[in-house]
Each structure stands twice: as structure tokens, then as C-alpha cells.
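A.B. asks: Just to be clear, the model below is a prediction. Sequence and coordinates:
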Amino acid sequence: MALQSLDVKARSATTTASPSGRQTAEVAKLIDISKCIGCKACQVACMEWNDLRDQIGHNVGVYDNPADLTAQSWTVMRYAEVELQPGKLEWLIRKDGCMHCAEPGCLKACPAPGAIVQYSNGIVDFHEENCIGCGYCITGCPFNIPRISKKDGKVYKCTLCSDRVAVGMEPACAKTCPTGAIVFGAKEDMIHHADERIADLKERGYANAGLYDPAGVGGTHVMYVLQHADQPELYRGLPKDPSISPLVGLWKGVAKPLASLALGVAVLAGFFHYVTAGPNEVKEKETEK
Amino acid sequence: MSNETNLVQRHGVKERLNHWLVAIAFVLLALSGLALFHPAFFFLTNLFGGGTWSRILHPFIGVIMFVSALALYMKFRDDNRITDADREWGRRLGSILANRTSGLPEAGKYNYAQKLLFWTLAFALPALLVTGIVIWQPYFAPGFPIWLVRLAVLVHALAAFIAILAIIVHVYAAIWTPGSLRAMMRGTVTAAWARHHHPAWYRDISKGGK
């Protein structure tokens, strides 16, 4: 939330530079799916640190609980049972939540100045006091993450514990993970750590193990180690090549400045026409006719 | 009818009230819509009590505009059918803009440009209504698939751009043509005005015994 920050990289709906007097190292959370046991301690830690209490839901017959992200549940475990080779069942459990894209679609789509902020460390944070509840961020997000609260009409999502990170702590989920499946640090170090994990997985027969840091959104500050990096869709629909929708790109890219300019030119053209051609008056002679 | 102070009725009181209801709603919608379109216009949200209020009010005003515009459409439709004479009038737009109006094909109650405005809005407003419902938070948007919301938000912006551009031209045309504002405010124009700008219409109403 809103701490005074001097390390802002981008702000929504803002055309001037952001306060960027301080530079911070890029951080990342690395989620190693091969190490995840699906205990949901991260969900609990997220609730505790952020003081979130979702409504008690219903058991829908699967482990997913709550069944989806909500304004009060910023991270959920998504369980997938896949059988890539007959007889060899794999339980792929992905901790879903904001990916903290380097090129965030939510920020691009947001019309409210300063409602979405990207810090130089890579964290994309919502400042709900500036949010107007239009839901444009939802159209911008390639990962289907932001959720509008029914209570206050503001949008919420994972903050990557920006408040903890700002004072040198790791996110609550990483702090609590009992197997070390969630680690946090400088993005460079996390990539290095992932490389070691991937080498290990490859040795153990996962030939397609790899890092999920999709280039289509400029890379992310939440990354996954996947056993099957060639098929991210296996992990409950993790998009293979996510990018901001071209419709949103057109709308918030070319259309926004060009249309605004055209309207201004139209007004000016009218004014200048009046100055040069003058009014379309009824001639004297005609009135006397 | 030889006196220039001789007035003829152009728009009845119902038409005028209806027109201005649409116009007021349109201005409010354009201001609040532009505010959320480009950051340069965000300050306009102050007119509506802030960003959140702009977001809340905009769609409701939109529904009011659509309903009142539909009523106006029914009233104006018959006088806005495009004829061959209109198309010829359109080809002379260059000289019309230069205020050289002699020998023009005679315009009826509405000239070609006015009719184009009418039909532009007749298509843009339903498009704005439909796409507006698809992106309406929090009531309807959550019920639509995300690809449709993304498409709707773009079409909404495009249709709004066309409509606002058309209205800029419309407002300017009213300023450019003295006497036309009176036609919509008081409902009357001078006989000379009618004869000059809408000769075919003037002939019709003269024949009608007025």
C-alpha cells in the first residue's frame, strides 16, 4: 500500500516521469512446482500477513479451496492431475497469483492516475485509494488475476508483499513455505537458483524442465520452475506465450493519443474555419425578397 | 411572407425538449468518458465528484441518453431519409463551406450533412449501448467472457470517438449558421432563414397553408 516511494518505475494514467530518485535491485519470487506439496501454508500466510478473510466457501470435490482468486484471496493453489505417460500420474500444483509482469497489462489499461504502480524492483502494486472500480485492469491482464471487491468496488491482487519487501523482508508466502518451493531474492539470483533446479530435474528424467519467465510480458517477477516447461498449459492453463491482448494494445496504445488529438484538431479546425470563411448568413437581398 | 420578421415553426416543444435532453446527456457522457479515455482529460472527473463517481454515473447517464435518443430517432427519422439531391448537395460541400451557396440542390427540412449526423448517431449510439453494457462494472461485465469485454471496450472507444467528432461538427455548424440555434431553442426560424437554408422544406410548409 501507499508508502512514500522514491523508486517508482511507472504509474497508471500518468504521462510524466515517476519519482525514481532511488533505484532498487529487481526482485523475483521463484516457485518451484516440483517441490510444492500443496499444503496451502502460503495461502494461510498470505491471509495472515495481509489480514484477509475470505468467505467460507463450499467443497466442490477437489482440493482447490477457495476455488478461485477473489478480492480476499490473493493466491490459490491450483491442482492438476495429468498423465503424460500411461500409468504415471503426476500431480501438478501451481500457486496462482499475480505474476508482476515487467510490462503490466493492468497498468497499461488503468485510467486512474496512480492506481497501479510499478516499482523499480519490479513489484506491480495496486493503490486502492486511487482505484475507481472500472475493471479495465482485468481486460489488460493476460493471467486473469485482478478481482473486484463486491464490498468496496476496488480491485485487489497479490502485492508481492511490497510492504515487507520495502523493509527488507521476503513475502509472507516465501517465508512460510515448508519445503522451500517458494524462494525470494534478486531476480538474477533466482534465475541462477532456477538453473540449478532445472539441471537437477533434467537429471531425474524431466527432459523438458525449464523456467517460466515469459518474454511476451517482458518477463515476470514471479517465476515458476516447471517440470514440463514445453507445456505450461498443463498447469491449470498457465498461458504458453502470454501477452497483452492486441485489442487492449490498440485501445491504450495508438487509439488513445490519436483520437484525443483528432478531437482537438476538429475543434480547432471549426474555429479557424469561422475566422477565415465567416458565418453562413442569410444574405440581405434574400431577406428583402 | 415578405417580411423577414415573419417566423415559421421548425421544431415543436417536444422535439426541442427531447433534443436538449439528449444533448445534455451527451455532453455529460463525453466529458466523463474522455476523462477515463486519456489521462489528459482525467481532471474532468472533478465535474462528477471524482473518478469513482464518474465511473458510477457514466453508464446510467448512458441509458438515459439512449432512451431519449431513441425517442428523438422516431421523431426525426422520416425527415432524414437521404435522397439523390442530398448526394449532389454533398458533392458541393467545398463551395458550401466557402459560403458559396447559389445554385445548390434544394435542401429539405434537413440538409445532407445534418442527415449524415443523424445516421452516424443512429448507428453509434446503439453500438455504445451494447458495448457499454458489456463493460459495465460491477453489474454486467463479470458475466461476459474476457475476449468480449476487451473487444467491447475498444469498440466503445471507437464509437464514442466517432460520435464526439460528429457532435463537434454539429455544434460548430450551429455556430457557423446563425439562426439555427434559435430553431432548437425557441423552435422558430425566420422565413428568410428557411428559404435560404432549407428551400425545399420552406416550399412544402408554405404550400401547406402556413
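C.D. replies: It's in.

A.B. asks: dump the residue contacts of the closest residue to A:E188 other than its chain neighbours.
C.D. replies: Of all residues not flanking A:E188 in the chain, A:E26 sits nearest, at 7.4 Å (C-beta to C-beta, 6 or more residues apart in numbering or on different chains). Heads up, the C-betas are built off the backbone N, CA and C, glycines and all. Neighbour list for A:E26: A:120-122, A:186-188, A:221 [criterion: C-beta atoms under 8 Å, 6 or more residues apart in numbering or on different chains].

A.B. asks: who in the stretch 1-150 of chain A is up against chain B?
C.D. replies: A:13-15, A:111-113, A:130-136, A:138-139, A:144, A:148, A:150 (C-beta under 8 Å from any C-beta of the partner chain).

A.B. asks: Inside strands: which ones of the residues you listed?
C.D. replies: Using DSSP state E to define strands, the subset of those located there is A:I148.

A.B. asks: In helices, which of the residues of the stretch 1-150 of chain A next to chain B appear?
C.D. replies: The helices, defined by DSSP state H, take in A:136, A:138-139 from the residues of the stretch 1-150 of chain A next to chain B.

A.B. asks: neighbouring contacts of stretch A:149-158?
C.D. replies: A:46, A:69, A:71-72, A:74-75, A:97-98, A:100, A:126, A:128, A:131, A:133, A:135, A:137-138, A:145-148, A:222, B:52, B:137-138.

A.B. asks: mind listing what's buried in it?
C.D. replies: Buried residues in stretch A:149-158, counted by 16 or more other C-beta atoms under 10 Å in any protein chain shown: A:149, A:153-158.

A.B. asks: Give the closest residue to residue 34 in space, chain neighbours not counted.
C.D. replies: Defaulting to chain A. In space, A:S34 is closest to A:Q227, 5.3 Å off (C-beta to C-beta, 6+ apart).

A.B. asks: nope, chain B
C.D. replies: Using C-beta to C-beta, 6+ apart, the nearest residue to B:L34 is B:F41, at 4.1 Å.

A.B. asks: give me every residue that touches the one you found.
C.D. replies: Neighbours of B:F41 in contact, by C-beta under 8 Å, 6+ apart: A:260, B:31, B:34-35.

A.B. asks: residues near B:L181, how many?
C.D. replies: Around B:L181 there are 12 other residues, counting by other C-beta atoms under 10 Å in any protein chain shown.

A.B. asks: same check, this time on the one 10 residues further on
C.D. replies: Neighbours of B:A191 under the rule other C-beta under 10 Å: 23.

A.B. asks: Likewise for A:A10?
C.D. replies: For A:A10, using other C-beta under 10 Å, the count is 18.

A.B. asks: and if you look at the one 3 residues further on?
C.D. replies: As a burial measure, A:A13 scores 23 neighbours (other C-beta under 10 Å).

A.B. asks: cool, the one 4 residues further on as well?
C.D. replies: Taking other C-beta under 10 Å as the criterion, the count of residues near A:A17 is 9.

A.B. asks: what separates it from chain B, distance-wise?
C.D. replies: Computed with C-beta to the nearest C-beta, to the nearest Å, the distance linking A:A17 and chain B is 14 Å.

A.B. asks: Mind checking the pLDDT average for the strand or helix carrying B:A157?
C.D. replies: Using DSSP states H and E, B:A157 sits within helix B:146-176. For helix B:146-176, mean pLDDT is 97.

A.B. asks: one step back: so which of the buried residues of stretch A:149-158 are in strands?
C.D. replies: A:155-156.

A.B. asks: which among the buried residues of stretch A:149-158 gets closest to chain B?
C.D. replies: Taking C-beta to the nearest C-beta as the measure, chain B lies nearest A:G153 of these, at 6.2 Å.

A.B. asks: Show me which of the residues of the stretch 1-150 of chain A next to chain B are buried.
C.D. replies: Counted by 16+ other C-beta under 10 Å, the residues of the stretch 1-150 of chain A next to chain B give A:13-14, A:111-113, A:130-136, A:138-139, A:148 as buried.

A.B. asks: Just flag the most distant two among the residues you listed.
C.D. replies: A:T14 and A:I148 (22.1 Å; C-beta to C-beta).

A.B. asks: Nearest to A:L201, out of the ones in helices among the residues of the stretch 1-150 of chain A next to chain B: which one, please.
C.D. replies: Using C-beta to C-beta, those come closest to A:L201 at A:I138, 34.2 Å.

A.B. asks: pretty sure the closest one contacts A:P146?
C.D. replies: Yes: contact criterion C-beta atoms under 8 Å: A:I138 and A:P146 qualify, at 5.2 Å.

A.B. asks: sorry, back to before: tell me, how many residues neighbour the residue nearest to A:S34?
C.D. replies: Count around A:Q227 with other C-beta under 10 Å applied: 24.

A.B. asks: and if you look at A:A215?
C.D. replies: Using other C-beta under 10 Å: A:A215 sits among 12 other residues.

A.B. asks: how near is it to A:V248?
C.D. replies: From A:A215 across to A:V248, the span is 18 Å (C-beta to C-beta, to the nearest Å).

A.B. asks: where do the strands sit along the stretch 1-150 of chain A?
C.D. replies: Secondary structure of the stretch 1-150 of chain A by DSSP state E, counting those that start in this stretch: the strands cover A:8-11, A:27-32, A:76-85, A:88-96, A:116-119, A:124-126, A:147-148.
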